[in-house]
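# give the three-dimensional model of this entry:
(one chain, ligands or ions: 1)
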Amino acid sequence: SNSVLTITMNPSVDISYPLEHLKIDTVNRVKEVSKTAGGKGLNVTRVLKQLDVPVTASGIIGGTIGQYILNQLDEKKVDHAFMKINQESRNCIAILHDGGDQTEILESGPSLTEDDENNFLEHFEEQVSEFSLVTISGSLPQGLSTALYTKMVKVAAKHNVPVILDSSNEALRLALEADVKPFMIKPNQDEIAQLIGKEVEDLDDLKEKLATEEIFQDIPWVVVSLGSKGCFVKHIDKFFKVNIPKIHAINPVGSGDSTVAGLAAGIVKHESPEDVMKRAMTVGILNTLQEKTGFIDINQYKDYFEKVNVVNY
Ligand code: ATP
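Residues are numbered from 1 along each chain as shown. Here you go, the predicted model:
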């Protein structure tokens with residue numbers, strides 16, 4: 001199989017309220033409401049689907065909000081196999097107002113228990129062996145241990161399934177410190193600095209830190225995304241800078257998730273390391289060219305792919 005299992009532990013319905021002006025302590029009326037299935041892992045899922053990679057979305061979901069998300073996935077013909085719970089999944093509200101301001105109201109979502117965690121690990125273990133790769137994205141809902149991603153990486157490894165982990169803080173740190181490590185991580189520069197507790201000055205400094213910091217050893221791929229500057233990569237014992245063309249970004253939100261989808265696609269298609277990196281950057285760029293999050297125009301793929309180049313560093 002060449003199919004991918006994507007994990008979203010705290011999916012949401014992302015509600016967008018465009019308002020000319022946000023008035024405080026009174027009523028705001030909104031006409032053009034958009035409500036879409038959200039969460040970083042679902043962005044990865046959507047982009048994989050657009051890249052024609054077989055994909056199944058999993059994680060934990062519940063309630064009528066959860067059902068709304070599942071209906072949206074059904075409409076887009078996306079396969080899903082979430083563990084259901086008796087609590088409502090969350091709504092996340094973004095108010096777009098006053099010429100470019102964005103005010104967000106983010107629910108924390110369900111509060112889970114150790115039983116939920118163990119049930120989910122069983123659920124995950126039952127499904128994982130049918131896939132050739134797992135992507136895990138985003139943060140954990142309340143109540144689950146920060147070591148859950150570490151445990152999932154171990155379960156996947158038991159079935160020889162590699163994991164791309166795109167998380168941050170303690171959940172990421174623990175996974176990197178474990179005996180069984182993820183196959184790939186895709187931190188941005190902030191997440192790197194957070195992990196090692198030091199600022200990164202420039203690319204030479206980044207290379208030095210990736211080469212020497214204990215936490216980055218024995219992970220086959222560390223892809224550090226650098227926004228409009230492309231990415232810097234450690235693959236086994238080699239280092240690469242991937243340069244991307246200058247473009248006019250429309251909406252960069254979700255570019256990191258799109259990059260993860262590109263990486264996953266390249267890996268399950270057994271592409272060369274160079275092509276995996278080029279594909280990931282191309283998909284990231286294509287996302288920034290769209291208004292919608294986690295959406296690409298595949299017809300633009302070839303043009304941009306040709307403008308991405310990988311250099312040894
Ligand atoms: P997010 O959290 O918004 O999903 P991120 O910080 O995880 O993003 P970025 O490094 O911002 O990830 O972006 C990932 C990739 O998307 C970049 O490596 C690049 O290929 C593309 N990208 C992002 N922003 C731009 C931009 N302004 N111009 C061109 N490409 C971009």
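# up against the ligand, what does the stretch 51-200 of the chain have?
Neighbours of the ligand within the stretch 51-200 of the chain, by C-beta under 6 Å from any ligand atom: residue 188. Where C-beta positions appear, they are placed from N, C-alpha and C, glycine not excepted.
# excluding chain neighbours, what is closest to the closest residue to the ligand within the stretch 51-200 of the chain?
The stretch 51-200 of the chain approaches the ligand most closely through residue 188 (3.6 Å), counting by C-beta to the nearest ligand atom. Nearest non-adjacent residue to residue 188, counting by C-beta to C-beta, 6 or more residues apart in numbering: residue 225, 5.1 Å away.
# count of residues packed around the one you found?
By other C-beta atoms under 10 Å, 23 other residues sit near residue 225.
# now do it against the ligand, distance only.
Applying C-beta to the nearest ligand atom, to the nearest Å, the value for residue 225 to the ligand is 3 Å.
# the strands in the stretch 151-300 of the chain, which residues?
163-166, 184-185, 221-225, 231-235, 238-243 (DSSP state E, counting those that start in this stretch).
# isn't residue 164 up against residue 260?
Yes: counting by C-beta atoms under 8 Å, residue 164 touches residue 260, with 6.0 Å between them.
# circling back: mind listing what the residue nearest to residue 188 touches?
Counting by C-beta atoms under 8 Å, 6 or more residues apart in numbering, residue 225 makes contact with 186, 187, 188, 231, 255, 256, 259, 284.
# recalculate using a threshold of 6 Å.
188, 231, 256, 259 (C-beta atoms under 6 Å, 6 or more residues apart in numbering).
# what separation is there between the residue lying closest to residue 200 once chain neighbours are set aside and the ligand?
Among residues not flanking residue 200 along the chain, residue 206 sits closest, at 5.0 Å (C-beta to C-beta, 6+ apart). For residue 206, the distance to the ligand (C-beta to the nearest ligand atom) stands at 13 Å.
# closest residue of the stretch 1-150 of the chain to the ligand?
Closest point on the stretch 1-150 of the chain to the ligand, by C-beta to the nearest ligand atom, is residue 40, at 7.3 Å.
# any idea how many residues pack against that residue?
Residue 40 has 26 neighbouring residues, counting by other C-beta under 10 Å.
# need the strands of the stretch 151-300 of the chain in a markdown table with mean pLDDT, can you?
Below are the strands of the stretch 151-300 of the chain laid out as a markdown table (pLDDT from 0 to 100):
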| stretch | mean pLDDT |
| --- | --- |
| strand 163-166 | 98 |
| strand 184-185 | 98 |
| strand 221-225 | 98 |
| strand 231-235 | 98 |
| strand 238-243 | 98 |
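# now the stretch 101-250 of the chain, which segments are flagged as low pLDDT?
Within the stretch 101-250 of the chain, no range satisfies pLDDT under 70.
# what about residue 272, how many residues nearby?
Using other C-beta under 10 Å: residue 272 sits among 10 other residues.
# next: residue 281.
Number of residues near residue 281 (other C-beta under 10 Å) recorded here: 30.
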